[in-house]
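K.L.:
give me coordinates for this.
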Amino acid sequence: MKPRAVGFGLLLAALAGPAVSPGEAAAPRPAARVPEETATIRALRHASLEALSAKLPAKERAWADSVRTSSEGEKRADAALELADRPDAAEFVLALLVRERDPKVLRFAMRNMYAIPHWRKDPRLREVLRYVIATSLEAAPVETALEQLRALSMHELRQVMSDRMARERAAGHSDFVAALAPAEDRAINLDRGLMLPTFQRRSPPVFEKRVAGAAIRVLAFGDYGTGTGDQKATAAAMRRYHADHPFDFGLTLGDNFYPEGLPSPDHPRWKEQFEDLYGPMGIEIFACLGNHDEYDPDTPAAEILRSPRSASWRMPAQFYTYTAGPAQFFAIDCNDMSEIQQRWLRDALDASRAPWKVVYGHFPPYIASAEYENGEFKEFSRLIMPILRGRADVYFAGHHHSLEHVQDVDGVHLFISAGGGAGLYDVDDKSPRSAFAESKNGFAVMEIAAETLGVRFIDKDSRELYETNFSKQGKP
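P.N.:
The predicted structure follows:
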């Protein structure tokens, strides 16, 4: 699971206290500031972490022992994050949360809980989160616990709305589903904890990106905002390619800034990790949101509001569409496949008269890896493929940190260009879904003319890894 950031700074000043060493047992608190312990909290505080660790499978036991014994704060925090994702380690993690003092270990252990199925079902979690809010001596864990508690509660309310929408949809009441869509959209926004007003969650009218010729060359990359050497090397390869084969414009496939997005449109990392690296090409780059761009609830608004401050960055809304030469492009927010966004995409594709229709977003519907079997990809595929089928020619994604041409599905050409600079993921180039797959940093180049569309993958050392071309006549 990917970590989620927090957005509520409540109760902090009153709860701040003296610094303590990592992992140290909680010191006695003044009676007026300590809540009465429930039986659950009392049992967890008296449980032996060593004994709980000994009951775990080997891999989880190694992480638990790192949390218990390592003197390296970063190693302890990373191990806590891994353990929180494992159902077998739930007892250990809860016992850790009620006694841990290192704020980073606490934050990492709690960050993903709202999204993990076994935590949503565990009634003890809410008690433990309330306990952390009431007793932590550091502000950051209080923020994280409060956000997790909010997300768990709001997810239940959103589910009530989603269930109603599903019943009405199954009954064929499409007009009523459309009438309910704004309420569902609001519930989704609150569920995700985003500070994004409704007017930024609606597409502007289709606009034109003016290009010089009848054919276009487009840069496509995602999963890049790390500030690492791999991001810089990949960006340098883009600039070299542009010098010899100029791009008309570019697009990003999300996860624009790691690990938690940026909280404002003027943060210094905009210059260091975007403008300085991609700005020298002198092209506009039309971005979409990834999951890491939504871990800080202010980031989506910050990325939208960055557009008038930048010569290259463009994100007019949460989702939007534009034409360029012989193609129309549709940027979507895969984190939020609401009824409103799904209807917008379906209608916009139906209304398009462009020879080529290219949809792009962060999540892939399929990947060349055994990871496809997890629910994340299957659920997105279930939502997006019925919209793309018979309407879109190409779908470009990020998220699975690799470069891939996935076998066409229902006449839709599927690509992943997620090697922009983040750490790489394993691929299975022998997968029946794979036309091409490499775990490398790099980017994609689209060349689109009236009758043909080609895609190349280029790695960070400027080597061409793969090329494919297809025509309108060649489509199924």
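K.L.:
for the rest of this, base every contact and every neighbour count on C-alpha atoms.
P.N.:
Fine.
K.L.:
give me the mean pLDDT for the one helix or strand Phe415 maps to.
P.N.:
Secondary structure assigned from DSSP states H and E places Phe415 in strand 412-417. On average, the pLDDT along strand 412-417 is 98.
K.L.:
just checking: what are the partner strands of it?
P.N.:
Here strand 412-417 has these sheet partners by DSSP bridges: strand 394-397 (parallel), strand 403-409 (antiparallel).
K.L.:
got a list of contacts for that strand?
P.N.:
220-222, 253, 364, 388-390, 392-398, 400-408, 442-444 (CA atoms under 8 Å, 6 or more residues apart in numbering).
K.L.:
check which residues of it are buried.
P.N.:
412-417 (16 or more other CA atoms under 10 Å).
K.L.:
for stretch 295-313, same thing?
P.N.:
The neighbour-count check on stretch 295-313 (16+ other CA under 10 Å) flags 295-307, 310, 312-313 as buried.
K.L.:
between those, which is closest to Gln148?
P.N.:
Closest approach to Gln148 among the buried residues of stretch 295-313 (CA to CA): Tyr295, at 11.9 Å.
K.L.:
right, and that closest one touches Glu260 too?
P.N.:
Yes. Using CA atoms under 8 Å, Tyr295 makes contact with Glu260 at a distance of 4.9 Å.
K.L.:
if we can go back for a sec, would you list the strands paired with strand 412-417 in CSV and tack on mean pLDDT?
P.N.:
Shown next, in CSV, are these (pLDDT from 0 to 100):
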stretch, mean pLDDT
strand 394-397, 98
strand 403-409, 96
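K.L.:
for those strands, which one sits closest to Arg167?
P.N.:
Arg167 lies closest to strand 403-409 among the strands paired with strand 412-417, at 28.8 Å (CA to CA).
K.L.:
follow-up on the earlier one: return the members of the contacts of strand 412-417 classed as buried.
P.N.:
220-222, 253, 364, 388, 392-398, 400-408, 442-444.
K.L.:
find the nearest non-adjacent residue to Arg240, please.
P.N.:
Closest residue to Arg240 apart from its sequence neighbours, by CA to CA, 6 or more residues apart in numbering: Ser462 at 7.8 Å.
K.L.:
do you know how far the one you found is from Pro280?
P.N.:
Distance of Ser462 to Pro280, computed by CA to CA, to the nearest Å: 17 Å.
K.L.:
neighbour-wise, which of the two wins?
P.N.:
In this view Ser462 and Pro280 are compared by other CA atoms under 10 Å, and Ser462 has more residues nearby, 18 against 11.
K.L.:
just list the residues touching that one, thanks.
P.N.:
237, 240-241.
K.L.:
sec struct for it, please.
P.N.:
Counting by DSSP: H, G, I helix; E, B strand; the rest coil, the backbone at Ser462 sits in coil.
K.L.:
please report phi then psi for it.
P.N.:
When read as degrees, to the nearest 10, the backbone of Ser462 gives phi 70, psi 20.
K.L.:
got it, and Asp266?
P.N.:
Torsion angles, degrees, to the nearest 10, at Asp266: phi -120, psi 10.
K.L.:
any weak-confidence spans in the chain?
P.N.:
When residues are selected by pLDDT under 70, those of the chain lie in 1-35, 370-376, 473-476.
K.L.:
any buried residues in the biggest helix by length in the chain, and which?
P.N.:
Counting residues, the longest helix found in the chain (DSSP state H) is helix 139-170. Neighbour-count burial for helix 139-170 flags 139-152, 154-155, 158, 161-162, 165, 168 (criterion: 16+ other CA under 10 Å).
K.L.:
how about stretch 204-224?
P.N.:
For stretch 204-224, burial by neighbour count (16+ other CA under 10 Å) applies to 215-224.
K.L.:
between those, which sits nearest Glu127?
P.N.:
Nearest member of the buried residues of stretch 204-224 to Glu127, counting by CA to CA, is Asp223, at 35.9 Å.
K.L.:
check for me that the closest one belongs to a helix.
P.N.:
No. Under three-state DSSP, Asp223 sits outside any helix and is assigned coil.
K.L.:
could you find the closest non-adjacent residue to it?
P.N.:
Asp255 (4.7 Å).
K.L.:
so is the one you found in a helix, a strand, or just coil?
P.N.:
Here Asp255 is recorded as coil under three-state DSSP.
K.L.:
check contacts around it.
P.N.:
Asp255 neighbours (CA under 8 Å, 6+ apart): 222-225, 261, 289-293, 362, 399.
K.L.:
quick check: end-to-end length of stretch 310-329?
P.N.:
Termini of stretch 310-329 sit 21 Å apart (CA to CA).
K.L.:
buried set for that stretch?
P.N.:
Neighbour counts over stretch 310-329 (16+ other CA under 10 Å) mark 310, 312-329 as buried.
K.L.:
those in strands, which ones?
P.N.:
313-314, 320-324, 327-329 (DSSP state E).
K.L.:
which among the residues you listed gets closest to Glu339?
P.N.:
Tyr320 (15.3 Å).
K.L.:
isn't that closest one up against Gln341?
P.N.:
No. Using CA under 8 Å, Tyr320 makes no contact with Gln341, being 9.8 Å away.
K.L.:
quick one: common contacting residues for those two?
P.N.:
Ile332.
K.L.:
Asp276: which of the contacts of Asp255 is nearest?
P.N.:
Nearest to Asp276 among the contacts of Asp255 is Gly225, at 12.2 Å by CA to CA.
K.L.:
which residue sits closest to that closest one, ignoring its sequence neighbours?
P.N.:
Nearest residue to Gly225, sequence neighbours excluded (CA to CA, 6+ apart): Phe257, at 4.0 Å.
K.L.:
first to last residue in stretch 404-422, what's the distance?
P.N.:
Stretch 404-422 has its terminal residues 16 Å apart, counting by CA to CA.
K.L.:
which residues in the stretch 251-400 of the chain form strands?
P.N.:
If DSSP state E, counting those that start in this stretch is used as the criterion, the strands of the stretch 251-400 of the chain fall at 285-286, 313-314, 320-324, 327-331, 356-360, 394-397.
K.L.:
I'd like these as a markdown table, with distance to Ala109 appended.
P.N.:
Output for the strands of the stretch 251-400 of the chain, formatted as a markdown table (distance: least, CA to CA, whole Å):
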| stretch | distance to Ala109 |
| --- | --- |
| strand 285-286 | 35 |
| strand 313-314 | 34 |
| strand 320-324 | 36 |
| strand 327-331 | 33 |
| strand 356-360 | 33 |
| strand 394-397 | 29 |
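K.L.:
out of the ones you listed, nearest to Leu44?
P.N.:
The nearest among the strands of the stretch 251-400 of the chain, by CA to CA, is strand 394-397 at 42.9 Å.
K.L.:
hey, C-alpha coordinates of that closest one in CSV?
P.N.:
Output in CSV follows, covering the C-alpha atoms of strand 394-397 (Å, rounded to 0.1, in the frame of the first residue of the first chain):
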residue,chain,number,x,y,z
VAL,A,394,-5.3,4.3,-26.8
TYR,A,395,-5.1,4.4,-23.0
PHE,A,396,-1.8,5.5,-21.3
ALA,A,397,-1.2,4.9,-17.6
